[in-house]
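Chemist: Give me a model of this one.
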Amino acid sequence: KDTLSSNRFLESTKGAESFLKANDYFLTVHMTDQTEQSVSKTLDTLCSKNVGSIILFPSADAELYYRAQQRGIHLIFLDSVPHGIQANLVSCDNVSGGYSATSHLLSRGYDRVAALYGNPDSIPIIQRIEGYKFALKHAGLPIKEEYIRSFRESEGTFYGRVEDLIKQWRNLEKPPNAIF
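Modeler: Next comes the predicted model:
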């Protein structure tokens, strides 16, 4: 996945830079491969440079973030805060997003909406699926577990996984007619 070209990353960065620049601060961007070792090295480097705050997407064990906080670094998380960490959060209402997206499909006449999502341990994903399920309940439709599928990046490409799932869903007596 190309983080630098994602709209979420670009919009978050642009907003942070505008605010910081207006207050005589600077923004630097650091990329890791999201492994514990890489994240740890980056956090240690930033802590040693007397950085005041770090805005980041969580991708490592909470212990790494706790150590940065113990060194006086103010952490601001995007999307979710790791369990056990007290920090500021910039996020959207994922439950409402999942509800709205599913409700939109239902309002268009799709009554067998499937949910396909990435990392099942991701808090934003869990919240979106909660919204998806709430929309189905609100519409009086059953939640069919065979319509809800997750995958991890290690399981292949997104498009390959979607193709595999569509093939599986087509074999159901009543396959989904829309995918969230």
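Chemist: first to last residue in stretch 79-86, what's the distance?
Modeler: 14 Å (CA to CA, to the nearest Å).
Chemist: Double-check Ala178 against Leu105; I have them as touching.
Modeler: Yes. Under the criterion of CB atoms under 8 Å, Ala178 is in contact with Leu105, at a separation of 4.5 Å. C-beta coordinates here come from the backbone N, C-alpha and C atoms, glycine included.
Chemist: residue ranges with poor pLDDT in this protein?
Modeler: Scanning the chain for pLDDT under 70 picks out 1-9, 152-156.
Chemist: Go ahead and flag the most central residue of this structure.
Modeler: If you average the C-alpha coordinates of the chain and look for the closest C-alpha using CA atoms, centre = their mean, you land on Pro124, 4.9 Å from that point.
Chemist: list the helices and strands the helix or strand containing it packs on?
Modeler: Using DSSP states H and E, the element containing Pro124 is helix 123-138. Where contact means 3 or more CB pairs under 8 Å, 6 or more residues apart in numbering; DSSP states H and E, helix 123-138 is packed against helix 94-107, strand 113-117, strand 148-150.
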